[in-house]
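fold the following and give me the result.
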Amino acid sequence: MATIVPKTIRGHRYYYLVQTAWVNGRSRYVKQLYLGKAEDIGKLFEEATAPVPTQGLPFEFGGTAALYSVAQQLQLAEIIDRHVPKRNQGLSVGQYALLAILNRCLAPTSKTQLAHWYAGTVLYRLLPADPAQLRSQRFFDHMGELSLEAIQAIEKEIAQVLMRDWGIDSTSLIYDATNFFSYIDTRTPSRLARRGKNKARRIDLRQVSLGLLVSRDYHVPLFHETYPGNRPDAVEFREVLKKLRQRYAEVFPEPHNITLVFDKGNNSKENFRLLENSPYHFVGSLVPTQHEDLLDIPRRSFDTLQGHRLAGVRAFRCTREVYGAERTVVVTWNRTFYKAQVRGLLATLNRCVRRLHSLRAQLQRRRQQAHPKGKVPTVASVTRQVEAIRHARHLKQLVPAKVEDTPKGVRLRFEVDQEEKRRLMTRLFGKTILFTDQLAWSSEDIVLGYRGQYKLEDGFRTMKDSEACCWWPMHHWTDQKIRVHGFFCVMALLLVSLLQRQLGQKGIDISIARLIRRLTEIEEMALAYPPRPVARGKAKPRSVYVLSQMDPGQRALFEALDLARYQHPTA
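I've put the predicted structure just below:
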């Protein structure tokens, strides 16, 4: 039998586990195991019963649960399934789409890596799926079910739900377009991926363009169009206006109260003719340099606009004939905008002058050398270098330069035109020219209405952010898959915008990038306890799920979004 025997050695008490047996008619120790002092035994017991993290954990919880909640409230998967039904076999098209959309929101990756991402989130219990169902080919198969007509029908129903159930304000809608470069091979046939004027300056790559119509509050997407990368914005806007009349006549309950907001890149005579024959009003902007008479109006004629959101903004209001009709025109001067433009100009100008000084010194040293080495500079080659240095806006007028040939070599002369610099800063900088057909609107309403354009630009920045809703990576090269990819990215922007809106309504103002980052830091961890001894049968290990420690900011997000309802039942 086994017993624990204490022994006192040099005044210290130690414990041993001894095994006794009858040997030759006497009880003898046949096995002895040293246990240590009492405190050592207690420490060993605590370590033996302490939980240990299970291999492969923790799981991402906060971001997944928050966005899954928004998708459930919107019934996004159900709406997709209504328009793209399939047999009751495995995951539905809507569920596959939801997985891809959530991935775009949280950790954009290729479809081949999506199963790996899925395994590290709590989706394993929110949206259970077999590993075989998450192979990339299964995603591609279901993406193939989403035709252009199905995408348009899905988007239309989602817009109706947003208006009816979410209270999205449709009185002011903002439209703009952007483009995304791709690495599609030049020889790959595609109507969408074309070379054009890329906003990231990747003119060497083919690009896909995206037009987006969003609400004024929190840039909630209501309409999108994926179109060829070589189509000008004004031409695409013309097509969008036609489709808005066709597709959204039944979406918006009162289309005659809708005001479209767009920037000057969409201006054209034909577009405004279409607007005049449509139920939509508009607020747009004009190219300042095309209206010199408005720039000449002295700043003392401007009135200060009212409201804390318009602090530092002054405006001059008048009427002008613009694109064949009398419009209300508001010329604004913004102190913050003015200071930013001045800082940008001075930084660009200083960089240009330094590079020109360096080039001029290089040419001068060559002229002074008796036997200069290297390729002989010519007027043409130096002129090309000068033009490259002065490529930024306004620099050609601000820094006039002259390249001339002399008997000793090429000479460069330049100077900064201080008068032109003063003229730019007093006439152009800080000014924006707005115009509208909303004659009854105040100047404050017109300026605030146009400022919604910046909200959409924030949305585009979100879609180009590497952390959330990123368009990249786009490992697709067929037009149909590119359209579906664009649809997934727009739906991802929809979910994060609605999430941001929910928090804003509860007094939490936070950017999308920071919101996603703080939420994804909330993790769910599984702690496995060693099995306890039992009288009969085999003991089973016990597991408990706990959330990572949250700071006050994360705790506020957790409580505002009521994420406790998505915790593991054992938590």
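
count the neighbours of residue 504 for me.
13 (other Cβ atoms under 10 Å). C-betas here are computed from N, CA, C, even on glycine.

quick check: chain neighbours aside, which residue is closest to it?
Once flanking residues are discounted, residue 504 sits nearest to residue 218: 6.6 Å by Cβ to Cβ, 6 or more residues apart in numbering.

try residue 312
Using Cβ to Cβ, 6+ apart, the closest residue to residue 312 is residue 335 (3.7 Å).

OK, contacts around the one you found?
312, 313, 430 (Cβ atoms under 8 Å, 6 or more residues apart in numbering).

same question for residue 168.
162, 215, 217, 220, 222.

quick one, what contacts the residue nearest to residue 504?
Contacts of residue 218 by Cβ under 8 Å, 6+ apart are 455, 497, 498, 500, 501, 504.

could you do residue 342 as well?
425, 429.

what's the offset of the helix or strand hosting it from the middle of its chain?
Following DSSP states H and E, one finds residue 342 within helix 335-368. Chain-centre distance of helix 335-368: 34 Å, with Cα atoms, centre = their mean, to the nearest Å.

for stretch 105-125, same thing?
Mean-position distance between stretch 105-125 and its chain equals 18 Å (Cα atoms, centre = their mean).

and if you look at stretch 374-390?
41 Å.

any idea what residue 334 is bridged to?
Beta-bridge pairing for residue 334 (DSSP bridges): residue 313.

count of neighbours near it?
Neighbours of residue 334 (other Cβ under 10 Å): 21.

that one and residue 447 touch, don't they?
No - Residue 334 is beyond contact range of residue 447, at 9.0 Å (criterion: Cβ atoms under 8 Å).

shared neighbours, these two?
Overlap of the contact sets of residue 334 and residue 447 (by Cβ under 8 Å, 6+ apart) consists of residue 313.

which stretches of the stretch 1-150 of the chain have low pLDDT?
Scanning the stretch 1-150 of the chain for pLDDT under 70 picks out 1-2, 23-24, 29-31, 43-57.

and residue 149, which of the three is it?
helix (DSSP: H, G, I helix; E, B strand; the rest coil).

same check, this time on the one 10 residues further on
In the three-state summary, residue 159 is assigned as helix, counting by three-state DSSP.

please renumber the chain so that the first residue is 731 from this point on.
Okay, using 731 as the starting number, the last item reads as residue 889.

how many neighbouring residues does it have?
23.

from residue 899, how far out is it?
Noted for residue 889: a distance of 13 Å to residue 899, by Cβ to Cβ, to the nearest Å.

next one: residue 852
Applying Cβ to Cβ to residue 852 and residue 899 gives a distance of 33 Å.

give me the more crowded residue out of the two.
residue 852 (22 against 12).

ok, now which ones touch that one?
Residue 852 makes contact with 789, 790, 791, 794, 795, 1254, 1296, 1298 under the criterion Cβ under 8 Å, 6+ apart.

neighbour count and distance to residue 884 added to the residues you listed, as CSV?
Formatted as CSV, these follow (neighbours: other Cβ atoms under 10 Å; distance: Cβ to Cβ, whole Å):
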residue, neighbour count, distance to residue 884
789, 19, 30
790, 20, 27
791, 25, 29
794, 28, 23
795, 24, 24
1254, 23, 31
1296, 19, 26
1298, 17, 32
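
in strands, which of those residues appear?
789, 790, 1254 (DSSP state E).

pick out whichever of the residues you listed sits closest to residue 1122.
Among these, residue 790 lies closest to residue 1122 (Cβ to Cβ), at 42.8 Å.

next, the buried residues of the helix or strand encompassing residue 1181.
Using DSSP H and E, residue 1181 falls within helix 1173-1193. Of the residues in helix 1173-1193, 1173-1183, 1185-1186, 1188-1190, 1192-1193 count as buried by neighbour count, 16 or more other Cβ atoms under 10 Å.

pLDDT wise, what is the residue nearest to residue 1160 when sequence neighbours are not counted at?
Closest residue to residue 1160 apart from its sequence neighbours, by Cβ to Cβ, 6+ apart: residue 1068 at 2.9 Å. Looking at residue 1068, its pLDDT stands at 95.

my read: residue 1068 touches residue 1157, true?
No - using Cβ under 8 Å as the test, residue 1068 is too far from residue 1157 to be in contact (11.6 Å).

low-confidence ranges in the protein?
Across the chain (using pLDDT under 70), the flagged ranges come out as 731-732, 753-754, 759-761, 773-787, 977-980, 982-986, 1258-1272, 1301.
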